[in-house]
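J.: Turn this into a structure:
(2 chains)
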Amino acid sequence: MLFSSLEFIFLFLPAVCIPYFLIKNTKIRNYILILASLFFYTFGEPKAVVLMVMSIVLNYGLAILTQKYKSAKKLFLTASILVNIGLLFWYKYTAFFVSSINSVFGAGFEVPVIHLPIGISFFTFQAMSYVIDVYRGDVPVQKKLSALFLYISFFPQLIAGPIIKYHDIDKQIEQRQVSLAGYSKGCKRFLMGLFKKVLIANNAGMLWESISGSDISSVSMAGAWLGAIAYSLQIYFDFSGYSDMAIGLGRIFGFEFLENFNYPYISKSIREFWRRWHISLSTWFKEYLYIPLGGSRKGNIRTYINLVTVFLCTGIWHGANWNFVIWGAWHGFFSVIERLGLEKILKKCKVLNHIYTLWVVVLGFVIFAITDMGQLKKYLAVMLLNSNHVLVNNSFMFALTGNIVLIAAALLFSMPVYKSLEAKLENNVAARTAEGIVFTLLFIITVAYLVGSGYNPFLYFRF
Amino acid sequence: MNRSISLTVTILILGLSTAFIVMPKSDFSQNENRMLQEFPKLTFESFASGDYTEDITLYISDHFPLRDSFVTLKTLFAEKIMGNKLVNGIYICDNDMYIEDYAKPQNTDRIIATFNKFSKNLEGRVVDLMLVPTGIEIYGDRLPRFASPLSQLKTMDEIYSAVDCNNIDSLYDRLILEKEKGRKLYYRLDHHWTTEGAYVGYTAYCKAKGFEPQPESAFDIKTVTEDFKGTVYSKLNDITLKGEEIKVYEQSNDITVLYDGEESNSLYNYDYLEKKDKYSVFLNNIHSLVEITNNKTDSTRTLAIAKDSYANSMIPFLVNHYKKIYVFDTRSYKGAVSDFVKENNIDDVLILYNMNTIDTDTGVNVIY
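T.: Numbering: from 1, shown residues only, chains lettered A, B, ... in the order given. So this is what the prediction gives:
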């Protein structure tokens, strides 16, 4: 069940919120949220819910063991990490691993078909965060299974993040402020995310599909760039919209999640980009991988190796395919050169640094988007070498003129313009009234888009 | 102000969810011409496979309160605010013109193979093939600026040049010629050709068979409705659009028509003019087999047609040239048309499809 679906907004959410706000007891409230989360996950993954529950119970037990047998705590930590990575590997990477072995060694192993349960990349990472935090002594072990259950399975962040680190949230599980002000703030944040997802990301996605789905030999260089930009906008608005919705939902139920995106497309370098893009994932890797590897404390060479390792892991985390590895390496490469001195030069080039960053990011997302290596090569050739020898054609002009409003809006909301206006006009009654009206209208239009996507006139006759 | 936003939206959400729960549900959507999703039955299998929850999702979407109005709102927003020129597969053109897009053909090779098997099965007989371009090919000059849809002519030529049939390929030029004269050959809000368009198809067929076509003046041309809102309208559901005319070329004749066995003396069913699906006035909608007997003619010739709904408005023109016409809807006719032709020793065989259905209609597969 996506947040941006009719069933979530109009049935699930009221069914959870009404009892939640009628009952004032945090303990019972937590049970309501656990039940809701179990239902939410079961609705999308009727079979894999067993897997998630087992994973929670197992990590709960292993964390208790690290505390009980302090001398063997490394053993239990290792066991937990093996279980989590093992689960992730089995469900997400087995097919990729086998087919890669086949192609590298010319072997003929049968590639297994394994269904990837939704959210497994997220809940395994949250479980590891918990066990590592306990192992490190950063947080007390959680004795209540229900509390850990809520931390890992909480539906706002269960299937698409943000990846909440246990030490950021542990206290809120048992003590948090649920208020009308929080509800209002949360609602607004949820709506912003919903608009980003439905009105911008989905439409940008259609533009990308219309370009990437057409015969590559008919795509002009400008068209290929338009497609790449559309995809970059789609992925940002989709992902950050989803995070906004998650943060808003958390807020509605009294939780304060950390921000996950901070206007990544205004970055002046790739290193800055990664401080602004999917922050919860990069800080997860930083805290639980980069720093344990030695971070930047073991000399330059080790730092670069650590950096590239983190980027490769980040890449492969996004999907089991070589293009994600290349995407990670691409970003790792630019991060290393920036550390080697490019960043100093970039600081001096005012506009160029933005252009450089966006160039790397947009090309990177093309690598990210196209999983078929042959297609990817062809697409990049059109973008970079103008291999079709057509700069601009009618299909580009048609796509551009029909989507100019969308692109303008997407670019505007990629920058913190609205955020600063909101802060400036906080006490301006007229501005806030206008905002209220616009939000209401946009909500109605969003519902129209959601309803419209299920509207399929049957072209021919009924039998 | 955050409060007023959350309050309004909360009220909207609760209002719509209550309406969804309380309001009676209909099982058929007039606009979409399809059955709506029923509330799924819960079984262990359907639940475990995920079908149950998928059907629930469809059910909610199909029965959402004010559904049609929301679709209208979406179309108007996409057109007027976002400036989209292609909405739900329809090009929004100037001067109140709407043209359905043409999707990339996927099955050309399969279709060629099918037609060749069909004519091989009927060795000794000539199989006439008429491929009808849709509005986008004829009215391409009316498309919005920069629109560059795929050409149907390319696919048409590919099929014509590879099949062992008698190609009625003069049709395209004839349609262009008539269009140049300012005639309305396709509906504005439906994917079919108009009766005038079908008349052009008829003249092309006569030319191929060496018949003398009846002039338009031989018919009593009647406007039977001015409120036809067809499938293009449905895709947009833009309620500000006005309906259009359907014309019927009537002629007094003495015929017997068997619609899947049910007898009638008319090629039209005017009851459909009261419904949404007004094009069904021609040949009484879809039947797997329609048998038309001309009781007056001296001709002894017989014709079998494998076709889609484009033929429905053209067939009335053909009845004076044949003693008997057998019309097969390949989507629902269960046998092989070629067997029928051989068993009943039919003289002429015509395949008639428009360029959209020929690719998407799986019924074409089973004509031989």
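J.: Pull up the residues of the stretch 151-300 of chain A that are close to chain B.
T.: A:180-181, A:183-188, A:191, A:203, A:215 (CB under 8 Å from any CB of the partner chain). All C-beta spots, glycine's among them, are computed from the backbone N, C-alpha and C.
J.: List buried members of these by neighbour count.
T.: A:183-188, A:191, A:203 (16 or more other CB atoms under 10 Å in any protein chain shown).
J.: TSV for those residues, including distance to A:Met415, pLDDT and secondary structure?
T.: Listed next are these as TSV, based on distance: CB to CB, whole Å; pLDDT from 0 to 100; DSSP: H, G, I helix; E, B strand; the rest coil:
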residue	distance to A:Met415	pLDDT	secondary structure
A:Tyr183	29	95	helix
A:Ser184	26	94	helix
A:Lys185	22	94	helix
A:Gly186	24	96	helix
A:Cys187	24	96	helix
A:Lys188	19	95	helix
A:Leu191	20	97	helix
A:Asn203	19	95	helix
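J.: Would you mind giving these as CSV with distance to A:Gly299 added?
T.: Below are those laid out as CSV (distance: CB to CB, whole Å):
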residue, distance to A:Gly299
A:Tyr183, 51
A:Ser184, 51
A:Lys185, 46
A:Gly186, 46
A:Cys187, 50
A:Lys188, 48
A:Leu191, 49
A:Asn203, 48
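J.: of all those, which two lie farthest apart?
T.: A:Tyr183 and A:Asn203 (29.5 Å; CB to CB).
J.: any low-confidence regions in the chain?
T.: Unless you meant another one, I'm taking chain A. Applying pLDDT under 70 to chain A flags the ranges A:457-463.
J.: Not quite, go with chain B.
T.: B:1, B:362-363, B:365-366.
J.: Which residues does the top strand by length along it contact?
T.: Looking across chain B with DSSP state E, the single longest strand is strand B:220-228. Here strand B:220-228 makes contact (CB atoms under 8 Å, 6 or more residues apart in numbering or on different chains) with B:187, B:189-190, B:243-251, B:270, B:273, B:278-279, B:281.
J.: How far away from the center of its chain is that strand?
T.: When distances are taken as CA atoms, centre = their mean, to the nearest Å, strand B:220-228 is centred 18 Å away from the chain's centroid.
J.: just checking, what packs against whichever helix or strand comes after that strand?
T.: Heading C-terminal from strand B:220-228, the first helix or strand you meet, by DSSP states H and E, is helix B:231-236. Applying 3 or more CB pairs under 8 Å, 6 or more residues apart in numbering or on different chains; DSSP states H and E, we find helix B:231-236 packed against strand B:90-93, strand B:97-100.
J.: Going by neighbour count, which residues of the last one are buried?
T.: Across strand B:97-100, burial judged by 16+ other CB under 10 Å covers B:98-100.
J.: With respect to chain A, which of the residues you listed is nearest?
T.: Closest to chain A out of the buried residues of strand B:97-100 is B:Glu100 (8.8 Å), distances taken as CB to the nearest CB.
J.: Tell me, how many residues neighbour the closest residue to the closest one other than its chain neighbours?
T.: Spatially, and ignoring its direct neighbours in sequence, B:Glu100 is nearest to B:His191 (5.3 Å; CB to CB, 6 or more residues apart in numbering or on different chains). Using other CB atoms under 10 Å in any protein chain shown, B:His191 is surrounded by 24 other residues.
J.: wouldn't B:His191 be in contact with B:Thr134 here?
T.: Yes. Shown here, B:His191 and B:Thr134 form a contact pair, counting by CB atoms under 8 Å, at 6.5 Å.
J.: Tell me the residues that contact both of those two, please.
T.: B:100, B:354, B:356.
J.: coming back round to it: Three-state assignment for the residue nearest to B:Glu100, please.
T.: coil (DSSP: H, G, I helix; E, B strand; the rest coil).
J.: any idea how far it lies from B:Glu158?
T.: With the distance defined as CB to CB, to the nearest Å, B:His191 ends up 22 Å from B:Glu158.
J.: re earlier: for the longest strand of chain B, which strands pair with it and how are they oriented?
T.: strand B:244-250 (antiparallel) (DSSP bridges).
J.: which of the residues in the strand it pairs with are buried?
T.: Here strand B:244-250 shows B:244, B:246-249 as buried, counting by 16+ other CB under 10 Å.
J.: closest to B:Gly201 among those residues?
T.: Nearest to B:Gly201 among the buried residues of strand B:244-250, with distances taken as CB to CB, is B:Tyr249, at 12.5 Å.
J.: Any idea what the closest one is bridged to?
T.: What pairs with B:Tyr249, by the bridge criterion (DSSP bridges), is B:Ile221.
J.: quick one: contacts for it?
T.: B:195, B:199, B:216, B:219-221, B:316-317.
J.: Weed out the non-buried ones from those residues.
T.: For the contacts of B:Tyr249, buried by 16+ other CB under 10 Å: B:195, B:199, B:219, B:316-317.
J.: and the residues you listed, which of them are in helices?
T.: B:195, B:199, B:316-317 (DSSP state H).
J.: ok, of the buried residues of strand B:244-250, which one's closest to chain A?
T.: B:Ile246 (15.7 Å).
J.: Tell me the spacing between that closest one and B:Thr195.
T.: 7 Å.
J.: Look at the residue in the stretch 201-350 of chain B positioned nearest to chain A and say how many residues are nearby.
T.: At 4.0 Å from chain A, B:Ser234 is the closest residue in the stretch 201-350 of chain B, using CB to the nearest CB. Using other CB under 10 Å, B:Ser234 has 26 neighbouring residues.
J.: any idea how far B:Phe228 is from it?
T.: Remark: distance between B:Ser234 and B:Phe228 (CB to CB) = 12 Å.
J.: that older thread, so of the residues of the stretch 151-300 of chain A next to chain B, which two are at opposite extremes in space?
T.: The farthest-apart pair in these, when distances are taken by CB to CB, is A:Leu180 and A:Asp215, at 55.2 Å.
J.: which residues are contacting stretch B:335-345?
T.: Counting by CB under 8 Å, 6+ apart, B:118, B:121-122, B:125, B:302, B:304, B:306, B:326, B:328, B:330, B:346, B:349, B:366-368 sit against stretch B:335-345.
J.: Now the buried members of these.
T.: By 16+ other CB under 10 Å, those give B:118, B:121-122, B:125, B:302, B:304, B:306, B:326, B:328, B:330, B:346, B:349, B:366-368 as buried.
J.: A:Ala329: neighbour count?
T.: A:Ala329, neighbours per other CB under 10 Å, totals 15.
J.: Just the C-alphas of the host helix or strand of B:Phe118, formatted as PDB.
T.: Using DSSP H and E, B:Phe118 sits within helix B:108-121. Taking C-alpha atoms only, helix B:108-121 is exported to PDB below (Å, rounded to 0.1, in the frame of the first residue of the first chain):
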ATOM      1  CA  THR B 108       3.000  -7.000 -37.300                       C
ATOM      2  CA  ASP B 109       4.900 -10.200 -38.000                       C
ATOM      3  CA  ARG B 110       2.300 -12.300 -36.300                       C
ATOM      4  CA  ILE B 111      -0.500 -10.600 -38.300                       C
ATOM      5  CA  ILE B 112       1.300 -11.200 -41.600                       C
ATOM      6  CA  ALA B 113       1.800 -14.900 -40.700                       C
ATOM      7  CA  THR B 114      -1.900 -15.200 -39.800                       C
ATOM      8  CA  PHE B 115      -3.200 -13.600 -43.000                       C
ATOM      9  CA  ASN B 116      -0.900 -15.800 -45.100                       C
ATOM     10  CA  LYS B 117      -2.100 -18.900 -43.400                       C
ATOM     11  CA  PHE B 118      -5.600 -17.800 -43.900                       C
ATOM     12  CA  SER B 119      -5.300 -17.200 -47.600                       C
ATOM     13  CA  LYS B 120      -3.300 -20.400 -48.000                       C
ATOM     14  CA  ASN B 121      -6.200 -22.300 -46.300                       C
END
